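In: The sequence isn't on hand, but the structure is:
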């Protein structure tokens, strides 16, 4: 049955190769209108998921992520409009030239084909991925969390109706409805049909995909993020950046996890930091040296520097130098977002060169690592691997290129 | 022990992040000079491999691939000079802009880190990969065929001496000397240290890597390549292109495997083709319709259209239309190189759009799919997957980018 879905997706992806931007935008508009016309149906399906969620004791935060309202559907439709208004990366031609051997050679941006996305309990992601893959001419196979199954089934039904209404293959967007977890493992082996897997979820899901997939996987979204406070620093400004990185939205992947402080400023800076962050309910855990400086800091656990807190906890470590900070980051960073706070241009340049994370900052908050902040218009995922796409992934990350060679019946000599 | 190699490679890759182009070229020059200065040592190690190969009954073609001579070492050193003269992709900055939120954001091309390459019995590949990875600031871990182990051990020893002589970390280039095949499986799980795996070998090796690697793998080098002879075609010119694609070097991945012929020209074209290719010892196997046209064609096996011949065999199939040809290619191509021979611009455009292979040709031989022909200066591998790099991979495919964000102690609002 999964094979049927995958085969159908492949066929749909072939149809999409020939869809123009105007046609794809018409399909997106149809999806938007069908959602607006079917709000009641969607909300009543969502109510089923919410009731089941309450019965199963989901916490308030999860229930909130699961909830759809009329206003949230309006916001989702506004997001579709945003995608409609984005430039279509497909069809761009570049690097064109005539080679010495006579061949006219160029590259053209093309869809990847079929994209499999495995995600958790947020029905808005369903619409989000469907819009982004459709805009880039890709078919998608979605596997959402079981908590949101009723909502997803209804949403996908409405998307398919919209696709058919404008002459598109309804299998451009498909949902795996069976909640059996074994299907994820099966999906990950379908390299014959699927070109890319994007797991949007926690460490466990990323690992299952990395370990079992025969399809290229874009891992990401796990951020153990660092800021390093150099010795030559504007302390009050640094404090503001650190607060922003830690406090603005502690539950997300680009929030600060570990603060490294140069030993030369540790004695003056750490007490200010503790006082300031303490007022904002940040729980500080640090190395023995930091605790010697300020007793309000708790000792950090043995794996504390390898923990993505996703909460108002912050790890602190006193380091000897920028080199020492770089070594710590290399050992503990997930290569998502790391930064230096310094007035010293030499140290800034060294840090930027030596820390090979997806995003490296100089005197700026790690919270900027996000598709919308980066001006990408949309965010497919945040990659922490090095191949294909790094950091916030925009529409371009859902495409590849083909080489096109033209000649007058040209042979290789 | 493999962990030691991988850890050492990771550390070396950190050193390489700070190597300038001048320094990397100096290391390449040192390698070249050390090879020239140690020809006798290399040739006597190679003699050991050749003797063992003869004893173990390797065929002439394999023995020839294994053989090093003084002239071949000169050619290898000329290849190093070529790599020295190539532009260094690392350090290029692009897409720089100041965002509305105030952040100065840019991308910089950076090395991938550590690259694992698994290959077969050709000692020149050892030098080739070492040069290309070094030029792009990557450390490499090499696993060559056991037939060439003595040659490889000597070559790597000389490379390490050269690296040390110019102050480089000798672990920039490492060889797995233990021929135990289980080590390949172990290597493929070292995602903590290795950023990319390139298997340069047959279908079996590609599959082992795809199925077992937790590291991103660039699969490729398997080409079931097609040409489609459209109804509106210059038959004599088409024949020349087909001969070139099939005969010039039948043992390589970009050689022609299957010829699709439009039914409207099949009756006139196929007999000419059989006559012409027959003189050049090409063995033709075809569909029943092609055999009806010319009895000299043998019936093709059931999996014949899914076979990469790597020899002077050519599959033939009569098809009804360009659409029919596209469907056949979608079902049987490895997405390496496929082309159309036509005078009809509409069919050419349709073919180029609908066939999503790494390289798509119009009126040109599939034999052009190669780094040197494409003007890349070097060829790391030929990718047939869609992520990161497609088709012939130049130096750029051994790099990634990082985002660099700079602000004046900027916070996200």
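Out: Structure received. Because the structure is a prediction, the values reported are computed rather than measured.

In: Residue A:91 - how many residues pack around it?
Out: Residue A:91: 14 surrounding residues under other Cβ atoms under 10 Å in any protein chain shown. Quick note: C-beta positions are derived from backbone N, CA and C, even for glycine.

In: Which residue ranges of the stretch 251-400 of chain A form strands?
Out: Assigned by DSSP state E, counting those that start in this stretch, the stretch 251-400 of chain A shows strands spanning A:256-262, A:283-286, A:298-299, A:313-319, A:337-341, A:359-364, A:381-383, A:391-393, A:399-410.

In: Which residue ranges of the stretch 1-150 of chain A form strands?
Out: Counting by DSSP E, counting those that start in this stretch, the strands of the stretch 1-150 of chain A are A:93-98, A:104-111, A:114-119, A:139-143.

In: thought residue A:243 was touching residue A:280?
Out: Yes - between residue A:243 and residue A:280 there is a contact under Cβ atoms under 8 Å: 7.0 Å.

In: These two: which is more packed in?
Out: A count of neighbours by other Cβ under 10 Å puts residue A:243 above the other of residue A:243 and residue A:280, at 18 against 10.

In: for the more buried one, what are its contacts?
Out: Contacts of residue A:243 were listed using Cβ atoms under 8 Å, 6 or more residues apart in numbering or on different chains, and they are A:276-277, A:280, B:411.

In: Separate out the buried members of those.
Out: Neighbour-count burial (16 or more other Cβ atoms under 10 Å in any protein chain shown) is assigned, among these, to A:277, B:411.

In: pLDDT below threshold where in chain A?
Out: For chain A, no stretch has pLDDT under 70.

In: Would you mind splitting it into its domains for me?
Out: Following automatic domain parsing, one finds the domains of chain A at A:2-219+A:385-406, A:225-368.

In: Kindly report the residues of the stretch 151-300 of chain A close to chain B.
Out: When proximity is defined as Cβ under 8 Å from any Cβ of the partner chain, the stretch 151-300 of chain A approaches chain B at A:191, A:195-196, A:210-211, A:214, A:216-217, A:234, A:237-238, A:240-241, A:243-245, A:248.

In: circling back to that earlier point, next, format the domains of chain A as a markdown table and append distance to residue B:53.
Out: Shown next, in a markdown table, are the domains of chain A (distance: least, Cβ to Cβ, whole Å):
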| stretch | distance to residue B:53 |
| --- | --- |
| domain A:2-219+A:385-406 | 34 |
| domain A:225-368 | 41 |
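
In: Closest one of the contacts of residue A:243 to residue B:16?
Out: residue B:411 (34.1 Å; Cβ to Cβ).

In: Next, work out how far apart the closest one and chain A are.
Out: Applying Cβ to the nearest Cβ, to the nearest Å, the value for residue B:411 to chain A is 4 Å.

In: Is that residue in contact with residue A:241, as I believe?
Out: Yes - taking Cβ under 8 Å as the definition, residue B:411 is a contact partner of residue A:241 at 5.8 Å.

In: joint contacts of the two?
Out: Counting by Cβ under 8 Å, 6+ apart, the shared contacts of residue B:411 and residue A:241 are A:364-365.

In: quick one on the thing from earlier: what would the strands of the stretch 1-150 of chain A look like in CSV with mean neighbour count and distance to chain B?
Out: Compiled in CSV, those are given as follows (neighbours: other Cβ atoms under 10 Å in any protein chain shown; distance: least, Cβ to the nearest Cβ, whole Å):
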stretch, mean neighbour count, distance to chain B
strand A:93-98, 11, 8
strand A:104-111, 20, 6
strand A:114-119, 25, 10
strand A:139-143, 26, 12
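
In: what does the stretch 1-150 of chain A have sitting close to chain B?
Out: A:14, A:17-18, A:97, A:99-101, A:103, A:105, A:108, A:110-113.

In: Quickly find the element holding residue A:223.
Out: For residue A:223, there is no helix or strand it lies in under DSSP states H and E.

In: That one: how many residues sit nearby?
Out: Neighbours of residue A:223 using other Cβ under 10 Å come to 27.

In: Would you mind measuring from it to residue A:303?
Out: Separation of residue A:223 from residue A:303 (Cβ to Cβ, to the nearest Å): 16 Å.

In: got the strands of the stretch 1-150 of chain A as a markdown table, with distance to residue A:406 columns?
Out: Output for the strands of the stretch 1-150 of chain A, formatted as a markdown table (distance: least, Cβ to Cβ, whole Å):
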| stretch | distance to residue A:406 |
| --- | --- |
| strand A:93-98 | 10 |
| strand A:104-111 | 4 |
| strand A:114-119 | 28 |
| strand A:139-143 | 28 |
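
In: For the closest residue to residue A:102 other than its chain neighbours, give me its contacts.
Out: Nearest residue to residue A:102 in three dimensions, chain neighbours excluded: residue A:410, at 5.4 Å (Cβ to Cβ, 6 or more residues apart in numbering or on different chains). Contact analysis of residue A:410 by Cβ under 8 Å, 6+ apart lists A:101-103, B:241, B:363-365, B:368.

In: Okay, and the beta partners of residue A:410?
Out: With DSSP bridges as the criterion, residue A:410 is bridged to residue B:364.

In: State the distance from it to residue B:171.
Out: Applying Cβ to Cβ, the value for residue A:410 to residue B:171 is 45 Å.

In: Residue A:194 too?
Out: 37 Å.

In: ditto for residue A:267
Out: From residue A:267 to residue B:171 the distance is 39 Å (Cβ to Cβ).

In: between these two, which one's more packed in?
Out: Comparing residue A:267 with residue B:171 by other Cβ under 10 Å, the one with more neighbours is residue B:171, at 22 against 13.

In: residues touching the more buried one, list them.
Out: For residue B:171, the residues meeting the contact criterion (Cβ under 8 Å, 6+ apart) are B:5, B:8-9, B:11-12, B:139.

In: Distance check, the closest residue to residue A:401 other than its chain neighbours against residue A:93.
Out: Spatial nearest neighbour of residue A:401, excluding adjacent residues (Cβ to Cβ, 6+ apart): residue A:107 at 4.5 Å. Per Cβ to Cβ, residue A:107 is found 7 Å from residue A:93.

In: Can you check which residues contact both of those two?
Out: Joint contacts of residue A:107 and residue A:93 (Cβ under 8 Å, 6+ apart) are residue A:404.

In: Among the residues of the stretch 1-150 of chain A next to chain B, which pair sits farthest apart?
Out: Maximum pairwise distance in the residues of the stretch 1-150 of chain A next to chain B, criterion Cβ to Cβ, is 35.0 Å, between A:14 and A:100.

In: more crowded one of the two?
Out: The residue with more neighbours, out of residue A:14 and residue A:100 and counting by other Cβ under 10 Å, is residue A:14; that gives 18 against 8.

In: re the thing from before, so which of the contacts of residue A:243 is the closest to residue A:1?
Out: Nearest to residue A:1 among the contacts of residue A:243, with distances taken as Cβ to Cβ, is residue B:411, at 49.8 Å.

In: which residues sit in contact with the closest one?
Out: Contacts of residue B:411 were listed using Cβ under 8 Å, 6+ apart, and they are A:240-241, A:243-245, A:248, A:364-365, A:367.

In: can you tell me which helix or strand the residue lying closest to it once chain neighbours are set aside belongs to?
Out: In this structure, residue B:411 finds its nearest non-sequential neighbour in residue A:244, 3.6 Å apart by Cβ to Cβ, 6+ apart. Per DSSP H and E, residue A:244 falls inside helix A:235-247.

In: In that helix, which residues are buried?
Out: A:237-247.

In: Over to stretch A:191-209?
Out: For stretch A:191-209, using 16+ other Cβ under 10 Å, the buried residues are A:191, A:193-201, A:205-206, A:208-209.
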